[in-house]
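> Got a predicted model here, sequence first, then my questions.
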Amino acid sequence: MAGPKRSVDLSSTEIQEAWQQVRNDASDDNWILLSYGDNGDIVLSGKGTGGLIEMKTQLNENQVYYGVARVRAVDDHGSKRAKFVFITYVGAGVTPIRRARVSTHKHEFERFFNGYHIQVYANSEDDLSEESITASLHACAGAHKPQAYEFS
């Protein structure tokens, strides 16, 4: 594998279009994962319509991922609002040099995935439970708290 790159290139059409699909409420795509390719470039690792559960099946403990899951906040009046969860996943098997790269590159992914509501840092799938994400979303909901969240 090539050495770490100083900057992140998120300009590929594939990555741009995948992110726009997740942002689009009319699209069924509700998650995206980006990771480092063999040459150190950023690649689209996955996207899909199966929500957080499907997204977690794509995770490898030897890899770093940056992604977003679209969750729907639902209230008693039938209103559904999209909420975006920005996820930085650093698997337990990631080497120290790759872990260090996260602190250097993370801010570029934060800018790219603009408009997210909460941020989650995870080292395992357990860190991405619906319960913990729901608690974080409730904590930032303000006065108009939804009754439930839909994860798929």
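Received the coordinates, thanks.
> who touches the closest residue to residue 67 other than its chain neighbours in this structure?
Leaving aside its sequence neighbours, residue 67 sits nearest to residue 33 (Cβ to Cβ, 6 or more residues apart in numbering; 4.0 Å). The C-beta positions use only the backbone N, C-alpha and C, and glycine is treated the same way. Contacts for residue 33 (Cβ atoms under 8 Å, 6 or more residues apart in numbering) come out as 44, 45, 46, 47, 55, 58, 59, 65, 66, 67.
> Give me the contacts around the helix or strand encompassing the third one.
What it means is residue 46. Assessed by DSSP states H and E, residue 46 sits inside strand 42-48. If you take Cβ under 8 Å, 6+ apart as the criterion, strand 42-48 is touched by 8-10, 12, 14-15, 18, 21-22, 29-37, 54-55, 58, 63, 65, 67.
> coming back round to it: how about the contacts of residue 33 in JSON lines, adding neighbour count?
Converted to JSON lines, the contacts of residue 33 look like this (neighbours: other Cβ atoms under 10 Å):
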{"residue": "44", "neighbour count": "17"}
{"residue": "45", "neighbour count": "19"}
{"residue": "46", "neighbour count": "18"}
{"residue": "47", "neighbour count": "23"}
{"residue": "55", "neighbour count": "28"}
{"residue": "58", "neighbour count": "17"}
{"residue": "59", "neighbour count": "20"}
{"residue": "65", "neighbour count": "22"}
{"residue": "66", "neighbour count": "26"}
{"residue": "67", "neighbour count": "25"}
